[in-house]
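**Q** would you be able to build a 3D model of this:
(chains A and B)
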Number of protein chains: 2
Amino acid sequence: MTRGNEIRIIHYGLGPIGIEAARLAARKANLRIVGAIDIAEDKAGRDLGSLLGLPEKMGIKVSGDPADLFSKVEADVVVHTTSSFLERIYSQLAEIVAAGLCVISSAEELLYPRLQHPDLAAKLDQVAQKYNVAILGTGVNPGFVLDTLPLILSSVCEEAQKIEAYRVVDASTRREPLQRKIGAGMSESEFRERVARKELGHIGLIESLALVAEGLNWQIDNIDETIDPVIAQRSIKTRYVAVSRGQVAGIHHVARGLRAGQELILLDLKMYIGAENPHDRIVITGNPALQATITGGVAGDQATAAMLINLVPIIKAAPPGLRTMLDIPLPRFRS
Amino acid sequence: MTRGNEIRIIHYGLGPIGIEAARLAARKANLRIVGAIDIAEDKAGRDLGSLLGLPEKMGIKVSGDPADLFSKVEADVVVHTTSSFLERIYSQLAEIVAAGLCVISSAEELLYPRLQHPDLAAKLDQVAQKYNVAILGTGVNPGFVLDTLPLILSSVCEEAQKIEAYRVVDASTRREPLQRKIGAGMSESEFRERVARKELGHIGLIESLALVAEGLNWQIDNIDETIDPVIAQRSIKTRYVAVSRGQVAGIHHVARGLRAGQELILLDLKMYIGAENPHDRIVITGNPALQATITGGVAGDQATAAMLINLVPIIKAAPPGLRTMLDIPLPRFRS
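**A** Numbering: from 1, shown residues only, chains lettered A, B, ... in the order given. Next up is the predicted model:
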């Protein structure tokens, strides 16, 4: 039963981002958590409240069976945080949508799924329209600092010739999986081997670039990507990893959007242990030119959870179909 | 006749902002100027191209009679830049809308017309819905730096307790009317007398504040406004005005949104001759906290024209009615 304007949500995926989002949702007066899903053996069956570390049980048992949960619980929106990759989550999303529920997801490839999976994107759009619900992929990176923010800053430009966005993250402030995923503590040769095997690199960077290009109506004929190690200049130890001088401290991932060899969009991401002066910076070459800086940078995991939860009311009200950050109303905090 | 996705626009008002917007529109492949309106005797009847300072005539004669023009020319969107005040423009807007045309306007009060003119706002919404067109007030200030930008930055916050936005403009870089309107060259007593007669002050600041409050769903029970002079610490001369040391160099206009005496929103605008380090800065007290700075600040007149023109395709596609920056898709430059 809905009370007033309350939106009923189900959390699907209870990894670090899912947990953070659920904790936030539990504090929101306009949202009511009515279900939770995670297939991990140490999570399914537990009370959500205890899994979130809340002082009291919530009376919501984490389900390992989405179809069963959807058949038993009425809800409006699913907050989806299971995987980065569209091929892995496609059947999850199709099942959610077929249950008549909107989806807001942190899956990086879902920010702009048409780039790498145009067929799956088209199918998702069809099925969402059929069941009259909206699907959106978002977050902070991708989802905000390297795509949505540069786009909205461009709105004050009469002309724009080039968009650059830089993000520097001090990975030592982040969770363990992120510190591992950027290659911290590896030798340079191991790092490069794993890049060659596509095991390292920030998921979503090229989707950010494609979203910017579509937003500006810029035709890009080539996306050039480089992934290099940032080498530690001194030994550093975090709670999770030890990096010696000369080892890999993290990753420098760059995506360039080119037209006829000319660089129109540059997205430059550095995430490494011990990064000094972390920040986000947008530079627009245009008229007027523009340079904006977020001191310290937008905090990753919290900000992603915030974006997901802040957009729940917006995605519930959005026109049906596969949506992007380009066609929803202004994202913002809602008290 | 529309060619492809071309949008046909009419420029209504050919003051500095209207001229800048029309010059920009003339360069845009997706827009076609099909008419222009200004009632000033030195403008009506002239060819728009010569009025814009373009090398060639455009074959568009500036009309002094909106009703006549609307009856003769098919168009989609009117770019409206005649006055700041809703009471003065209401009949203009109603006439445009009744001709079946969307409106995008730089009128400052139209950013959030419900604040000072709830009845007129309700009537505008009704008439826009009746004629199936959308109306939007926007710009850069109000419209972007002190409202839309802080709102979208808040989207990455799990909690937000306070929003502050600061804008410092070096008025010596701006057009003559703006330099006069901020009181440059006045004595402090004259400045204060004119503030008391409501002849000085930035139009739209309280509308920005109301938009932020609505966007965040924050109840505000009081808007506190102060307008003070910035006193010149040294003599300065611009192309238009001379300011001696001790005279007024410009304006410091502050709006505070309060609830139960607590300051939730602070908008702080300084526009004065010789301002050092012009910038825009947003500070969000929250979790995560956030501080963003636009170095040099967003350039006023150009940016306002850019926002109007960049939003033309968006307002044409928007649902009918009186819209705000809260409920349109992501503003952005369109090539």
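**Q** center of chain A - which residue?
**A** For chain A, the residue nearest the mean C-alpha position is residue A:139 (3.5 Å; Cα atoms, centre = their mean).
**Q** that one is in contact with residue A:308, isn't it?
**A** Yes. Counting by Cβ atoms under 8 Å, residue A:308 is a contact partner of residue A:139 at 7.1 Å. The C-beta positions use only the backbone N, C-alpha and C, and glycine is treated the same way.
**Q** the stretch 151-300 of chain A against chain B: which residues are in contact?
**A** Applying Cβ under 8 Å from any Cβ of the partner chain, one finds that the stretch 151-300 of chain A approaches chain B through A:151-160, A:215-218, A:286-288, A:290-296, A:298-299.
**Q** restricted to buried residues, select these in ChimeraX.
**A** The ChimeraX command for the buried members of these (criterion: 16 or more other Cβ atoms under 10 Å in any protein chain shown) is given here:
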select /A:151,152,153,154,155,156,157,158,159,160,215,216,218,286,287,288,290,292,293,294,295,296,298,299
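**Q** inside helices: which ones of the residues of the stretch 151-300 of chain A next to chain B?
**A** With helices taken from DSSP state H, the overlap with those comprises A:151-153, A:215-216.
**Q** output those as a markdown table; include the columns pLDDT and distance to residue A:55.
**A** Converted to a markdown table, those look like this (pLDDT from 0 to 100; distance: Cβ to Cβ, whole Å):
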| residue | pLDDT | distance to residue A:55 |
| --- | --- | --- |
| A:151 | 98 | 41 |
| A:152 | 98 | 39 |
| A:153 | 98 | 42 |
| A:215 | 98 | 44 |
| A:216 | 98 | 48 |
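**Q** closest to residue B:52 among these?
**A** The closest of these to residue B:52 turns out to be residue A:216 (Cβ to Cβ; 25.1 Å).
**Q** how about the contacts made by the closest one?
**A** The neighbourhood of residue A:216, defined by Cβ atoms under 8 Å, 6 or more residues apart in numbering or on different chains, consists of A:151, A:154, A:160, A:163, B:332-335.
**Q** enumerate the residues of the stretch 1-150 of chain A near chain B.
**A** A:24, A:140, A:144, A:148-149.
**Q** sitting in strands, which of the contacts of residue A:216 do you find?
**A** A:160, A:163 (DSSP state E).
**Q** and residue A:180, how far is that from residue A:123?
**A** According to Cβ to Cβ, to the nearest Å, residue A:180 and residue A:123 sit 33 Å apart.
**Q** phi, psi for residue A:240 please.
**A** phi -110, psi -30 (degrees, to the nearest 10).
**Q** and the closest residue to it other than its chain neighbours, how many residues sit next to it?
**A** Spatial nearest neighbour of residue A:240, chain neighbours left out: residue A:176 (4.2 Å); criterion: Cβ to Cβ, 6 or more residues apart in numbering or on different chains. The criterion is other Cβ atoms under 10 Å in any protein chain shown. On that basis, residue A:176 has 12 neighbouring residues.
**Q** go on, residue A:170?
**A** Count around residue A:170 with other Cβ under 10 Å applied: 19.
**Q** which stretches in chain A count as strands?
**A** Going by DSSP E, chain A shows strands at A:7-12, A:31-37, A:77-80, A:102-105, A:134-137, A:159-170, A:222-231, A:236-237, A:242-243, A:248-259, A:262-272, A:279-287, A:290-295, A:321-323.
**Q** distance from the first one to the middle of the chain?
**A** Put simply, strand A:7-12 sits 18 Å off its chain's centre (Cα atoms, centre = their mean, to the nearest Å).
**Q** is it possible to get JSON lines of the strands of chain A that adds distance to residue A:128 and mean pLDDT?
**A** Compiled in JSON lines, the strands of chain A are given as follows (distance: least, Cβ to Cβ, whole Å; pLDDT from 0 to 100):
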{"stretch": "strand A:7-12", "distance to residue A:128": "16", "mean pLDDT": "98"}
{"stretch": "strand A:31-37", "distance to residue A:128": "19", "mean pLDDT": "98"}
{"stretch": "strand A:77-80", "distance to residue A:128": "12", "mean pLDDT": "98"}
{"stretch": "strand A:102-105", "distance to residue A:128": "8", "mean pLDDT": "98"}
{"stretch": "strand A:134-137", "distance to residue A:128": "5", "mean pLDDT": "98"}
{"stretch": "strand A:159-170", "distance to residue A:128": "29", "mean pLDDT": "98"}
{"stretch": "strand A:222-231", "distance to residue A:128": "26", "mean pLDDT": "97"}
{"stretch": "strand A:236-237", "distance to residue A:128": "45", "mean pLDDT": "93"}
{"stretch": "strand A:242-243", "distance to residue A:128": "44", "mean pLDDT": "94"}
{"stretch": "strand A:248-259", "distance to residue A:128": "28", "mean pLDDT": "98"}
{"stretch": "strand A:262-272", "distance to residue A:128": "28", "mean pLDDT": "97"}
{"stretch": "strand A:279-287", "distance to residue A:128": "31", "mean pLDDT": "98"}
{"stretch": "strand A:290-295", "distance to residue A:128": "33", "mean pLDDT": "98"}
{"stretch": "strand A:321-323", "distance to residue A:128": "5", "mean pLDDT": "98"}
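**Q** wait, what's in contact with the nearest residue to residue A:271 once chain neighbours are set aside?
**A** Using Cβ to Cβ, 6+ apart and skipping the chain neighbours, the partner closest in space to residue A:271 is residue A:169 (4.3 Å). The contact partners of residue A:169, taken as Cβ under 8 Å, 6+ apart, are A:269-272, A:275, A:278, A:297, A:300.
**Q** mind running it again at 10 Å?
**A** A:141, A:145, A:178, A:182, A:202, A:250-251, A:269-272, A:275, A:278-280, A:297-300 (Cβ atoms under 10 Å, 6 or more residues apart in numbering or on different chains).
**Q** go on, residue A:139?
**A** A:17, A:81, A:104-108, A:110-111, A:145, A:204, A:300-301, A:303-308, A:311, A:325, B:156.
**Q** ok, residue A:326 next?
**A** Counted by Cβ under 10 Å, 6+ apart, residue A:326 has contacts A:112, A:147-148, A:151, A:211-212, A:214-215, B:329-330, B:332.
**Q** closest to residue A:57 among these?
**A** So of the contacts of residue A:326, ranked by how close each gets to residue A:57 (Cβ to Cβ), first place is residue A:148, at 37.1 Å.
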